[in-house]
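[1] Structure for the following, please:
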Amino acid sequence: MRVLIADDQRIVRDGLATVVAMMTGVEVVGAAEDGHQAVALAEQHRPDVVLMDMRMPGMDGAEATAAIRSLLPDTQVVVLTTYADDTTILAALGAGASGFLTKDATRADIRRALDAAAAGQSVLDKAAHAALLLAARAAQGPAPPGRRSLPDGLTEREAEVLTLIARGRSNSEIAAELYVAEATVKTHVNRIFAKTASRDRIQAATYARDHGLAG
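    The predicted model follows:
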């Protein structure tokens, strides 16, 4: 298994490279210090799996993951990060990551995630599962007094994004207006398309107008 490591902290990057290189049947083909370098090294070495940090300067892990998955569909990405909030997790999965681990993962956890990714399977660690479960429960909970009733299971944030889509905003413009990563916006857009049965932004905008969400 050919593995590329991407992390902006040298001590973490070097430590992961050492740990992964000691695994039987695994070769570390490169180590990147940011998202741009991760994409470049992935194109050069075509690894089976990229072990990707999320918070990196220039191009973050979500953007790098999306770029790698677009350029190299056979290369899988496992995110290994300090952060396990639902926004970070959804950004990673929305960008195409097949695994999500926090940095308290053991050597055995990392090996299992790499093996699963190479086999085309998904792995989320316990912290990620817990964060997504809490987010799902919060989204499904009863609306507090005064909150508008939204159609088709749309969340408040999805309704905000849908309104901006109806106003003709691009993903980058929506990200800037809502102060979130563009990868997070892409995740919301995909969920909106699924919930509203829209094939594209035009249909989503029509849905928004029909349901009073065009703003």
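[2] can you pull out the helices in this protein?
    10-21, 35-45, 61-71, 86-95, 107-118, 126-140, 156-166, 171-178, 182-196, 201-210 (DSSP state H).
[3] Least reliable of the ones you listed by average pLDDT, please.
    Among the helices of the chain, helix 126-140 has the lowest mean pLDDT, at a mean of 61.
[4] Met52 is nearest to which of the helices of the chain?
    Proximity to Met52 (C-beta to C-beta) singles out helix 61-71 among those, at 4.8 Å. (Glycine included, C-beta is placed from N, CA and C.)
[5] on contacts alone, who are the packing partners of that closest one?
    helix 35-45, strand 49-52, strand 76-81, helix 86-95, helix 182-196 (3 or more C-beta pairs under 8 Å, 6 or more residues apart in numbering; DSSP states H and E).
[6] that older thread, including mean neighbour count, could the helices of the chain go into a markdown table?
    Shown next, in a markdown table, are these (neighbours: other C-beta atoms under 10 Å):
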| stretch | mean neighbour count |
| --- | --- |
| helix 10-21 | 15 |
| helix 35-45 | 19 |
| helix 61-71 | 23 |
| helix 86-95 | 23 |
| helix 107-118 | 18 |
| helix 126-140 | 14 |
| helix 156-166 | 20 |
| helix 171-178 | 16 |
| helix 182-196 | 20 |
| helix 201-210 | 17 |
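[7] can you tell me the distance between the two ends of stretch 77-88?
    Distance between the two ends of stretch 77-88: 15 Å, counting by C-alpha to C-alpha, to the nearest Å.
[8] Going by neighbour count, list what's buried in it.
    Judged by neighbour count using 16 or more other C-beta atoms under 10 Å, the buried positions of stretch 77-88 are Val77, Val78, Val79, Leu80, Thr81, Tyr83, Ala84, Asp86, Thr87, Thr88.
[9] picking up where we left off before, looking at the helices and strands packed on helix 61-71, which is closest to Ala21?
    Across the helices and strands packed on helix 61-71, closest to Ala21 is strand 49-52 (C-beta to C-beta), at 11.8 Å.
[10] what's in contact with that closest one?
    1-6, 16, 20, 38, 42, 61, 64-65, 68, 75-80, 97, 110, 114, 117-118 (C-beta atoms under 8 Å, 6 or more residues apart in numbering).
[11] Now the most centrally placed residue in the chain. Nearest residue, chain neighbours left out?
    Among the residues of the chain, the one closest to the centroid is Ala92, at 1.3 Å (C-alpha atoms, centre = their mean). Of all residues not flanking Ala92 in the chain, Val79 sits nearest, at 4.4 Å (C-beta to C-beta, 6 or more residues apart in numbering).
[12] How about Arg13?
    Nearest to Arg13 is Asp7, by C-beta to C-beta, 6+ apart, at 4.2 Å.
[13] so how many other residues sit close to that neighbour?
    27 (other C-beta atoms under 10 Å).
[14] gap between it and Ala17?
    Distance, Asp7 to Ala17, by C-beta to C-beta, to the nearest Å: 9 Å.
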